[in-house]
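J.: predicted model and sequence follow; I will ask about them next.
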Amino acid sequence: MVRAGAVGTHLPASGWDIFGDLRKMNKRQLYYQVLNFAMIVSSALMIWKGLIVLTGSESPIVVVLSGSMEPAFHRGDLLFLTNFREDPIRAGEIVVFKVEGRDIPIVHRVIKVHEKGNGDIKFLTKGDNNEVDDRGLYKEGQNWLEKKDVVGRARGMLFWL
């Protein structure tokens, strides 16, 4: 029996002794493991890039980070986005947008759309669980968002119970 803390004794190696496992491999096995890892990483990257092309969104999947859209979305929900530029933005639609000066995109609902005669569209957003619209979140002096601010529009979701 091995007692923890006894002088001169060693605890049995756990299944997570990665460096010990690597030392036991011959060069061919190690090369195979590195190649497998590289294939997994490159496959994931190709799938992500493929989703970007298919959806037209720079970020086709996002995670809801705040409770501002409750009860529609909760923290941790995954949203699937598209961003086809030719589709018009309409009131009631849920958009993910970036504001200049902020790194994290925001998920909120479009509450007003202002369409000019020349085809330019500006819109105002608000979180379903917020009391006021998002003008306080936009950069200083900005009262409306434009299509260039949109990362994507929510087309589906995966929620956690």
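T.: In hand now; what should we look at? Just so you know, these numbers come straight off a predicted model, no measurement behind them.
J.: end-to-end on stretch 132-143?
T.: 13 Å (Cα to Cα, to the nearest Å).
J.: run through who's touching that stretch.
T.: If you take Cβ atoms under 8 Å, 6 or more residues apart in numbering as the criterion, stretch 132-143 is touched by 99-102, 106, 108, 111, 124-127, 144-145. (C-beta placed from N, C-alpha, C; glycine too.)
J.: let's verify the most centrally placed residue in the chain: helix, strand, or coil?
T.: Most central in the chain under Cα atoms, centre = their mean is Val62, positioned 2.8 Å from the mean C-alpha point. At Val62 the chain is in strand, as set by DSSP: H, G, I helix; E, B strand; the rest coil.
J.: packing partners for whichever helix in the chain runs longest?
T.: Secondary structure of the chain read by DSSP state H shows that its longest helix is helix 27-55. Judged by 3 or more Cβ pairs under 8 Å, 6 or more residues apart in numbering; DSSP states H and E, helix 27-55 is in contact with strand 78-82.
J.: let me see the mean pLDDT of the strand it packs on.
T.: Per-residue pLDDT over strand 78-82 has a mean of 93.
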